[in-house]
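Asker: give the three-dimensional model of this entry:
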Amino acid sequence: MAHLAIVISCIDYRFWPQAIPLLKKKYGRFDLIQMAGSSKNLTSPSKKEYKITILENIKISVQLHNSQKIILTNHIDCGAYGGSKNFKSQKEEIKFHKIELEKAKKIIQKKFPQLLIKTELLTIDTNKKVKLY
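Answerer: Here you go, the predicted model:
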């Protein structure tokens, strides 16, 4: 059976044990592309090869599994962006990540206009419970 989605995510261990079941419940089966910084590798990669790697992985998933949808994720307190300490407030941090996800979405849409692209921001509440925002 073909995968129908691709999730692009960061590697941060704090999120994935809880986030994967949440994403599966919401989006079904998916291929997972993980790189530190997630969408940062599309919008402002520290090396141009990182952007190429993500785009190549999307292409492969589409070819092999007929993927039709991409879910771009970022998360609060991402070390690749300098962590939460780089923001005056969580509200500012959330706004920043939403903008980053939209920039990444446009980059993917340009290269893969046939794909439906959704964005998700992962947060952790005071009980260390991961939530999709």
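
Asker: what helices or strands is the helix or strand encompassing Ile117 leaning on?
Answerer: Per DSSP states H and E, Ile117 falls inside strand 116-124. On a contact count with 3 or more CB pairs under 8 Å, 6 or more residues apart in numbering; DSSP states H and E, strand 116-124 meets helix 16-27, strand 69-75, helix 90-111, strand 130-132. The C-beta positions use only the backbone N, C-alpha and C, and glycine is treated the same way.

Asker: deepest in the core, which of these is it.
Answerer: strand 69-75 (a mean of 23; mean count of other CB atoms under 10 Å).

Asker: by how many degrees do that strand and helix 90-111 diverge?
Answerer: On the basis of axes from the mean of the first three to the mean of the last three CA atoms, to 10 degrees, strand 69-75 is oriented at 150 degrees to helix 90-111.

Asker: report the buried residues of the strand holding Ile117.
Answerer: Within strand 116-124, the residues scored as buried using 16 or more other CB atoms under 10 Å are Ile117, Thr119, Glu120, Leu121, Leu122, Thr123, Ile124.

Asker: show me the two of those that sit farthest apart.
Answerer: Farthest pair in these (CB to CB) is Ile117 and Ile124. Separation: 24.2 Å.

Asker: who does Asn74 bridge with?
Answerer: Bridge pairing for Asn74 (DSSP bridges) gives the partners Leu121.

Asker: what's the pLDDT at it?
Answerer: What the model reports for Asn74 is a pLDDT of 98.

Asker: state the distance from the residue nearest in space to the middle of the chain to Lys88.
Answerer: For the chain, the residue nearest the mean C-alpha position is Thr73 (2.4 Å; CA atoms, centre = their mean). Using CB to CB, to the nearest Å, we find Thr73 at a distance of 23 Å from Lys88.
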